[in-house]
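A.B. asks: Whatever this is, show me its structure:
(chains A and B)
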Protein chains: 2
Amino acid sequence: MPSGNARVVIIGAGFGGLEAAKALRRAAVEVIVIDRQNHHCFQPLLYQVATAALSPAEIAWPIRHILRPQRNATVLMEEVHGIDVLKRCVHTQFGDVPYDYLIIATGAMHSYFGHDDWSDYAPGLKRIEDATRVRRSILIAFERAEVVHDQDEQRRLLTFVIVGGGATGVEMAGAIADVARQTLAADFRRIDPRSARIVLVEAGPRVLPTFPQNLSDYAREILTRGGVEIKTATLVTKCDARGVDLKDGRIDAGTIIWAAGVTASPAARWLNAEADAAGRIKVGPDLSVPGYPEIFVIGDTATLTDRKGHAIPGVAPAAKQMGKYVGKLISARIAGRERRKPFHYVHLGDLATIGRRAAVVKFGRLELKGFLGWVFWSVAHIYFLIGLRNRFVVAFNWFWDYVTFQRGARLITDVPRGEDSTRGA
Amino acid sequence: MPSGNARVVIIGAGFGGLEAAKALRRAAVEVIVIDRQNHHCFQPLLYQVATAALSPAEIAWPIRHILRPQRNATVLMEEVHGIDVLKRCVHTQFGDVPYDYLIIATGAMHSYFGHDDWSDYAPGLKRIEDATRVRRSILIAFERAEVVHDQDEQRRLLTFVIVGGGATGVEMAGAIADVARQTLAADFRRIDPRSARIVLVEAGPRVLPTFPQNLSDYAREILTRGGVEIKTATLVTKCDARGVDLKDGRIDAGTIIWAAGVTASPAARWLNAEADAAGRIKVGPDLSVPGYPEIFVIGDTATLTDRKGHAIPGVAPAAKQMGKYVGKLISARIAGRERRKPFHYVHLGDLATIGRRAAVVKFGRLELKGFLGWVFWSVAHIYFLIGLRNRFVVAFNWFWDYVTFQRGARLITDVPRGEDSTRGA
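C.D. replies: Have a look, this model is predicted:
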């Protein structure tokens, strides 16, 4: 290493990784942030990119620009292939990066419960590319329905199935309903976009299972009123190019969106560490990997229960709190102060939009729904966005959508051959 | 046809096609607009998407949304494979579309002067996808230079060659210089983005050949001052994955951008019509194809000389004027009034930006350069954008760039395997 300072390598610049880097800004360390993308993505708003309300750049920022003022931080855009815990270095496609401390914040991917081939037909929402792919699929469905002559095929194309009734699934279903019933309503001549069928499938007994029952009921009511069919206690047994099989029958669909399960990144394999069924690494109370006090795992890649025995949820605030904790812990250790307090998670709350002018919010004792919830949700998301410009532009776009019912990013681009299931039909 | 009205089919919803459709809005016809994209793209600002200043959606609008108020117009997103001039129908991948009148407005593509394989290494700027590809290539070059250790490779990656010294080439060169010298200047730790080499190669004796000599000289001066190397009277003899061969030597480069030649779309082949060397169809004074009074060709797909013997240039105002002329001609013919006046092109002027705060403008007798030219250029482009929202957002982004030197869309997404010439190097 050029400087005599200890080197902290952070893999992944999501909510957790970035927060860890920032918490190290005054420490006498060299910070190396490695990510295979050049941008940090604000995942809570990915569904708005997927439904053409926002452009990708409005919810994504170059990692190196975020860390530009932090002189002890270097950002490297490269892909990690493995970790050598004995030699203490990270293998990437451009060579090895040695570390003194390692923070793994590689996040989660979609899990298709052992059916990885479903990912070809039912994309999820984790990266910008996923969101633009879903956007393309939704917009192409309407375009194709306008040109094909077969009525069964039109009906299939105008059927949208969302798998998973958590916050992402509910937000997608509500937003697709808005697109079909409002945004596109007057734009077609041969089909009526308002006739689109939107089905939300959830394996459990209710949508928004992490919310209180009354908010969950409210979400169901608003979605149903908006024309979303909700199927709870329903398992998906197969996804293919032309629809889904459910326990109680088949739905032919042009678009399937996966918002059901996640699995951790392959970090457990890199470390050969103990992991849970979802691939998350079991970490100690200080978020380090048992046996490796210099390796920490945070965010969706880690699994940990708090003092009350509750599992820490895979949400942005948890990742940020973990990142900050580890950053401060390493800072303290470098400065010769040992920090023994274990990580303590503070649950801030849950929130989800259900569509235009409606959201549910549970923040401590505060429960909001409807318009007030929606205002709270909007302000909170604008607040947490990075960059003043993006805050302005997103706020402006929401205002515009609100007034005109229009969405600003109805673009179909980069259609790969083979993705379009109706091509040449 | 369902209605008894004559049917006008327009292929292509660029500047010409859209203008033709709009000119038919009060005619007793059924208008069918066919495009393989769902959006109309404002090509004059593609270079701003390519250099991360604007997002794609800010310069592109859904065609069907633009024509939404025009009740006699139907938009079909499909690809045209051919035309049967005897049966009077257009072949598409979803079937045949019969016509009574046909307007071909399919625009132009890049021409690599017989070296089509160069397109793999030297993308041009015609579609949104081209612009995001170029953006990706420029941003990846800096990212890769930061991670590779070999200094020759770093130098190669930080070399940008722009082929063609017309408006697009000049605008790209100026914008890349701004990106390297300003936007990215403080974002890297191991490389100095300001050391990037930007080379503008032009086969003719001067840049901006359609402008008066003094404005051309001014552009050269501003570009050179901004650190752009200009090589006039220089031919490119080869493009490959690692650089270009020029008549006077080799330049190793990480990014090559093609702004040199264009060729018309394959419409001449579809019609088996007479075309010039660039594939443009020779049309009569009323823009119809000789022998087919019901088929018109407009914009970059047509070639025509005006009464003074000047060729009509391939620019947006020419396409719009041609579209309007043909739309009105068909309207008149349908209404039983024959319109005999031949098409007359009015040249409005030429304008090009050279970078931050500098542009050249030639509008009739008005000549502007520098800051005043730049203000004129900005106002003109905002004015011609479609949609109030986009005007606001683009104006805001330009204001923001102007004040902060930052660019809002520095995203690398959808990197195809194989495109990245350094992967695994």
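A.B. asks: can you list the residues of the stretch 51-200 of chain A near chain B?
C.D. replies: A:55-58, A:60-62, A:64-65, A:68, A:74-78, A:92-95, A:128-129, A:132, A:139-140, A:143-144, A:146-149, A:186-190 (C-beta under 8 Å from any C-beta of the partner chain). (C-beta placed from N, C-alpha, C; glycine too.)
A.B. asks: Just the buried residues of the residues you listed.
C.D. replies: A:55-58, A:60-62, A:64-65, A:68, A:74-78, A:92, A:94, A:128-129, A:132, A:139-140, A:143-144, A:146-148, A:186-189 (16 or more other C-beta atoms under 10 Å in any protein chain shown).
A.B. asks: residue at max distance from the center of chain A?
C.D. replies: residue A:4 (38.0 Å; C-alpha atoms, centre = their mean).
A.B. asks: What are the contacting residues of the lowest-mean-pLDDT helix or strand in chain A?
C.D. replies: Least confident helix or strand, chain A: strand A:261-264 with a mean of 82, by mean pLDDT, DSSP states H and E. Outside strand A:261-264, the residues within contact range by C-beta atoms under 8 Å, 6 or more residues apart in numbering or on different chains are A:106-113, A:164, A:275, A:278-281, A:300-301, A:314.
A.B. asks: tell me the secondary structure for the residue farthest from the centre of chain A?
C.D. replies: coil (DSSP: H, G, I helix; E, B strand; the rest coil).
A.B. asks: separation between it and chain B?
C.D. replies: 17 Å (C-beta to the nearest C-beta, to the nearest Å).
A.B. asks: now do residue A:276
C.D. replies: 31 Å.
A.B. asks: my guess is that residue meets residue A:303, correct?
C.D. replies: Yes: here residue A:276 reaches residue A:303: they are 4.8 Å apart, a contact under C-beta atoms under 8 Å.
A.B. asks: More neighbours: the two, which one.
C.D. replies: Neighbours per residue (other C-beta atoms under 10 Å in any protein chain shown) separate residue A:276 from residue A:303, with residue A:303 holding more: 21 against 13.
A.B. asks: Skipping adjacent residues, who's closest to that one in space?
C.D. replies: residue A:280 (3.8 Å; C-beta to C-beta, 6 or more residues apart in numbering or on different chains).
A.B. asks: again with residue A:314
C.D. replies: Once flanking residues are discounted, residue A:314 sits nearest to residue A:300: 4.4 Å by C-beta to C-beta, 6+ apart.
A.B. asks: Let me know the next secondary structure element after the strand or helix carrying residue A:175.
C.D. replies: For residue A:175, the host element (DSSP states H and E) is helix A:167-178. Per DSSP H and E, the first helix or strand lying C-terminal to helix A:167-178 is strand A:197-201.
A.B. asks: can you give me the helices for the stretch 51-200 of chain A?
C.D. replies: When assigned using DSSP state H, counting those that start in this stretch, the helices of the stretch 51-200 of chain A occupy the ranges A:63-66, A:128-147, A:151-157, A:167-178.
A.B. asks: which outside residues touch the third one?
C.D. replies: In this case it means helix A:151-157. So helix A:151-157 is contacted by A:141-142, A:144-145, A:148, A:191, A:197, A:242-243, A:252-254, A:422, A:425 (C-beta under 8 Å, 6+ apart).
A.B. asks: How is chain A divided into domains?
C.D. replies: With domains defined by automatic domain parsing, chain A comprises A:6-36+A:78-107+A:265-334, A:114-260.
A.B. asks: now do the same end-to-end measure for the first one.
C.D. replies: Between the opening and closing residues of domain A:6-36+A:78-107+A:265-334 lies a distance of 8 Å (C-alpha to C-alpha, to the nearest Å).
A.B. asks: How far off centre is stretch A:304-315?
C.D. replies: 19 Å (C-alpha atoms, centre = their mean, to the nearest Å).
A.B. asks: got the buried residues for that stretch?
C.D. replies: Neighbour counts over stretch A:304-315 (16+ other C-beta under 10 Å) mark A:304, A:312, A:314-315 as buried.
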